[in-house]
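Colleague: build me a model from this:
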Amino acid sequence: MSTQTLTLHLPDRLYARLQLRAQQSNRTLEAELLEVLSTAVPADETLPYPLAEEVARLDDMDDAALWQAARSGLSAKASAQLEALHIKRQRESLSETDLRKLAELVSQYERSMLVRARAAAILKLRGHDVSGLVATS
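Modeller: All right, here's what the predicted structure looks like:
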């Protein structure tokens, strides 16, 4: 794999936050920046086959099934595990087992968000008011 060199001018506050994250995760600043960038910029715009198939099936669902999909989410247990791992990651480095579990939970969360968003979009296209699906603060 070839690499490119990039000079980047960061505001002091952002640099300090990234440096702290790197220290907390026992990584170099460069490794932390690569992690942040690789997370922010997906390598591929296409969805994996099983997920693409699941999202495509939403088009054929009736409105009741779409409303259910639009309101679905992670289980309370999965949400609690995800939150606990995020908190642990802020305090200390995660074990390989924890990192695998975190990746699995993040994948489940992203899948549920994609399904929810697509279901809501289809409902809106069908003329439904989906404003109630948006959480207000």
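
Colleague: show me the shaky parts of this structure.
Modeller: 1, 42-45, 135-137 (pLDDT under 70).

Colleague: again, 80 this time
Modeller: 1, 38-49, 134-137 (pLDDT under 80).

Colleague: domain assignment for it?
Modeller: If you go by automatic domain parsing, the domain ranges for the chain are 9-43, 46-131.

Colleague: out of these, flag the one nearest Thr3.
Modeller: domain 9-43 (9.9 Å; CB to CB). From N, CA and C alone the C-beta is placed, and that goes for glycine too.

Colleague: ok, back up a step: what's the most buried one of the domains of the chain?
Modeller: Stretch with highest mean neighbour count among the domains of the chain: domain 46-131 (a mean of 13; mean count of other CB atoms under 10 Å).

Colleague: host element of the spatially most central residue of the chain?
Modeller: Taking CA atoms, centre = their mean, the centroid of the chain lies closest to Glu110, which sits 4.6 Å from it. Element membership of Glu110, judged by DSSP states H and E, is helix 96-125.

Colleague: counting by contacts, list what that helix packs against.
Modeller: Helix 96-125 sits against helix 49-57, helix 63-71, helix 76-91, with contacts defined as 3 or more CB pairs under 8 Å, 6 or more residues apart in numbering; DSSP states H and E.

Colleague: reformat the domains of the chain as TSV; add distance to Ser2.
Modeller: As requested, those are exported to TSV (distance: least, CB to CB, whole Å):
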stretch	distance to Ser2
domain 9-43	15
domain 46-131	23
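
Colleague: most distant residue from the centre of this structure?
Modeller: Outermost in the chain, CA atoms, centre = their mean: Gly127 at 28.4 Å.
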